[in-house]
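*Asks:* With the sequence up front, the predicted model follows.
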Amino acid sequence: MERHEFLARGCLWCSALLLVLGTGIAPCRSEPIVLNLTGFPRTGYSLAIGVGTPPQQLRVVLDTGSSNYALATYATTYQDDYFDTSKSETYDETTTEFGVTYLIGYWRAYLATDTLHIAHLPPRTVQMGAIYATSKFFHEGADYQGILGLAYPSIASPSSAVTPVFDSLVQTGAVSSDVFSMQLCGPVDKGPNLNIHKGGKFVVDGISSSLYTGNILYTPIQRTGFYEVAVSRVELNGVSLGFDCKDYNTPKAVVDSATSVLAFPKKIYNKVLSGIMTYVAENLDSSISCGGSGFWSQSDASACCILPSQTDKLFRGFPTITVTLPLNDESHREFVLSVPAQLYLQTVKSDQLDCFTFYIISSDVGTILGVALMEGYYVVFDREEGQIGFAASTCEVRDPAFQKPTIVGPTRARSNASCMYNTNTSSHSSRWIAIAASVGAGVVGFGVALAVWGLRRMGRIRRTAGQGAGDGRLVSQATHSRQAVRAVAHVVAAPVNAAPDVSGALEACGDDEETTTANTALLSNL
């Protein structure tokens, strides 16, 4: 029996813990807590929570690629539900403003505290972001009003002094082990308006043996902050791409539950794409027409739509990708995760047809093992032992045409060389450029910030719901400039392993007409 399974099934301190009342310490459990997750394509998987006093029922995306817990405090274009701070007796807002930027989209918020309610756990006061402005964070079909980051405190904003929710649960004894896990099952049914509903499980305080079969194979967490792993090899239908393994991990490779896609550094992505396109040209049944430029660039308008009876032909026309990871021991062994076509061809809205989009992208921030891989496995984030585990999932196979993802190993590693990326001279140069930029921006922005402070003192700046696509805006354009200055400073203060090159910022953030100045300084959260 594995250590965490033992801890989950029995507790030596039951009698002592049950005597502790009113402290937020959870009573001993014989089983871990298993919570339901739901979602839609491109939205991640969300958890039901209660916020404030009395509790307001909302949903948050679970994100292993960030550390902050934050909620929208206004109605957006795509969401009528939000956290109404005026209706909570326990809400306490500070004057500290900060923001977090993701691979796509960002939000800005005030640092605040309020009570958080999660099923089967004692309510607690936690730090949160009260979101007042966003861009491309909420979108059509989203069933969430915020985000709950599960990564380490070192990448929390505005500083590592902010305690992430899961860390709070561990530190206060609400859970007895520093371990959580996820079973993401992908589409489970087709709901109203032809939306594809996803389902899954979030497990805290142990491991649920009902959610996996076989053994859990662990790979070490190489660096904390994000959940960084070392990818040893990537193959297409058993054929290696031929790169040095460090290329897969430059500047990092992370396991991220809120990124829908499988992402690779540009030169690796180009070879993966070329290999898949060649394979499809040679193997896809001629009765299926897929593969236009829009399809490969993840455009919903160019989704590959087929009759349900053609699903098997579609999947057989695409290759299986495999990702190899080192085993967490001293034996120089490794294991292989397969990513068959049904994982990286994601189902989107459909009528009489089944429609799929291509979920592999190029990344400026390294390799991202996102939902497109995680939906194949039961994934364990074991922070106690510094490792991430993968096992065969018990998710129901929805279509006989779906190839079951497989985990093979452990086997002897082909090479004993280290695959981790080490910061080189050029990355140090980039950091000095960022520092110089922050100093220059600080000189220019000091007067702007002072003016904004004066305006706020006179009550002339107000929070308001924006006119853009789901955005809340600040009335004063000067505030955008101030946020840009703060964002650059935040980049400089970030851990070395958390800051990609500044040159990738513009592409990662995209263009937003009203926030171009801020976007030049904001980097992907990865």
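*Replies:* Thanks, I have the structure now.
*Asks:* and the residue nearest to Ser362 when sequence neighbours are not counted, what does it touch?
*Replies:* Computed as C-beta to C-beta, 6 or more residues apart in numbering, the closest residue to Ser362 that is not its neighbour in sequence is Tyr269, at 4.0 Å. All C-beta atoms are positioned from the backbone trio N, CA, C, and that covers glycine. Contact partners of Tyr269, counting by C-beta atoms under 8 Å, 6 or more residues apart in numbering, are 263, 360-363.
*Asks:* so when I look at Tyr269, I'm seeing a strand, right?
*Replies:* No: applying DSSP: H, G, I helix; E, B strand; the rest coil, one finds Tyr269 to be helix, outside a strand.
*Asks:* do you know how far it is from Ser286?
*Replies:* Look at Tyr269 and Ser286: by C-beta to C-beta, to the nearest Å, they are 27 Å apart.
*Asks:* Low-confidence ranges, the stretch 301-450 of the chain, go.
*Replies:* Where the stretch 301-450 of the chain drops to pLDDT under 70, the residues are 301, 349-351, 398-401, 421-450.
*Asks:* Which stretches in it count as strands?
*Replies:* Here the stretch 301-450 of the chain has its strands, by DSSP state E, counting those that start in this stretch, at 304-306, 321-326, 333-339, 345-348, 354-358, 360-363, 367-369, 377-382, 387-393, 407-412.
*Asks:* Please identify the most buried of those strands.
*Replies:* Stretch with highest mean neighbour count among the strands of the stretch 301-450 of the chain: strand 367-369 (a mean of 27; mean count of other C-beta atoms under 10 Å).
*Asks:* contacts for that one?
*Replies:* With C-beta under 8 Å, 6+ apart as the criterion, strand 367-369 contacts 65, 103, 229, 231, 248-249, 252-256, 259, 261-265, 268, 323, 526.
*Asks:* cool, and stretch 393-406?
*Replies:* The contact list for stretch 393-406, computed with C-beta under 8 Å, 6+ apart, reads 183-188, 210-213, 311-312, 315, 320, 337-343, 375-378, 392.
*Asks:* Surely Val34 is within a strand?
*Replies:* Yes: assessed with three-state DSSP, Val34 lies in a strand.
*Asks:* if we can go back for a sec, give me the buried entries from the contacts of stretch 393-406.
*Replies:* 183-188, 211-212, 311, 315, 320, 337-343, 375-378, 392 (16 or more other C-beta atoms under 10 Å).
*Asks:* before we move on, the earlier item: so of the contacts of strand 367-369, which ones are in strands?
*Replies:* Judged by DSSP state E, strands contain the following of the contacts of strand 367-369: 253-255, 262-265, 323.
*Asks:* in this structure, which ranges drop under the pLDDT threshold?
*Replies:* Confidence mapping of the chain against pLDDT under 70 gives the ranges 1-30, 41-42, 188-196, 291, 299-301, 349-351, 398-401, 421-526.
*Asks:* now do 50
*Replies:* 1-26, 192-194, 423-524 (pLDDT under 50).
*Asks:* quick one: the helices in it?
*Replies:* Listed in chain order, the helices of the chain (DSSP state H) span 3-9, 14-18, 165-171, 245-248, 266-283, 293-296, 311-316, 341-344, 371-374, 425-457, 477-493, 505-509, 516-519.
*Asks:* Contacts for the fourth one next, please.
*Replies:* Just to be clear, that refers to helix 245-248. Here helix 245-248 has contacts from 230-234, 264-265, 267-268, 367, 415, 417-421, using C-beta under 8 Å, 6+ apart.
*Asks:* In PDB, please show the C-alpha coordinates belonging to that helix.
*Replies:* Extracted in PDB, the C-alpha atoms of helix 245-248 (Å, rounded to 0.1, in the frame of the first residue of the first chain):
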ATOM      1  CA  CYS A 245      16.100  16.900 -24.300                       C
ATOM      2  CA  LYS A 246      17.000  20.300 -22.900                       C
ATOM      3  CA  ASP A 247      15.100  21.800 -25.800                       C
ATOM      4  CA  TYR A 248      11.800  20.500 -24.400                       C
END
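*Asks:* And that helix, what's buried?
*Replies:* Neighbour count says helix 245-248 has 245, 247-248 buried, by 16+ other C-beta under 10 Å.
*Asks:* Which of those sits closest to Ala161?
*Replies:* Closest approach between those and Ala161, by C-beta to C-beta: Tyr248, at 33.2 Å.
*Asks:* before we move on, back to that, redo the strands of the stretch 301-450 of the chain as CSV? Include distance to Ala75.
*Replies:* Below are these laid out as CSV (distance: least, C-beta to C-beta, whole Å):
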stretch, distance to Ala75
strand 304-306, 33
strand 321-326, 40
strand 333-339, 38
strand 345-348, 26
strand 354-358, 29
strand 360-363, 30
strand 367-369, 31
strand 377-382, 33
strand 387-393, 36
strand 407-412, 43
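*Asks:* Could you check those and tell me which one is nearest Val51?
*Replies:* That would be strand 377-382 among the strands of the stretch 301-450 of the chain, by C-beta to C-beta, at 23.8 Å.
*Asks:* That closest one vs strand 333-339, what angle?
*Replies:* Taking axes from the mean of the first three to the mean of the last three C-alpha atoms, to 10 degrees, strand 377-382 and strand 333-339 form an angle of 130 degrees between their directions.
*Asks:* Check which helices and strands strand 377-382 sits against.
*Replies:* strand 179-190, strand 212-220, strand 387-393 (3 or more C-beta pairs under 8 Å, 6 or more residues apart in numbering; DSSP states H and E).
*Asks:* can you do 6 Å?
*Replies:* When contacts are defined as 3 or more C-beta pairs under 6 Å, 6 or more residues apart in numbering; DSSP states H and E, strand 377-382 packs onto strand 179-190, strand 387-393.
*Asks:* Return the list of strands paired to the longest one, each annotated with direction.
*Replies:* Using DSSP bridges, the strands paired with strand 179-190 in its sheet are strand 196-204 (antiparallel), strand 377-382 (antiparallel).
*Asks:* Need the CA coordinates for that strand. PDB is fine.
*Replies:* Taking C-alpha atoms only, strand 179-190 is exported to PDB below (Å, rounded to 0.1, in the frame of the first residue of the first chain):
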ATOM      1  CA  VAL A 179      -1.200  16.300  -1.700                       C
ATOM      2  CA  PHE A 180      -4.000  16.900  -4.200                       C
ATOM      3  CA  SER A 181      -5.000  15.100  -7.400                       C
ATOM      4  CA  MET A 182      -7.200  15.500 -10.500                       C
ATOM      5  CA  GLN A 183      -9.100  13.300 -12.700                       C
ATOM      6  CA  LEU A 184     -10.200  15.200 -15.800                       C
ATOM      7  CA  CYS A 185     -12.500  13.200 -18.000                       C
ATOM      8  CA  GLY A 186     -13.300  15.400 -20.900                       C
ATOM      9  CA  PRO A 187     -16.700  15.500 -22.500                       C
ATOM     10  CA  VAL A 188     -19.400  13.600 -20.700                       C
ATOM     11  CA  ASP A 189     -22.600  14.800 -22.400                       C
ATOM     12  CA  LYS A 190     -24.100  17.400 -24.800                       C
END
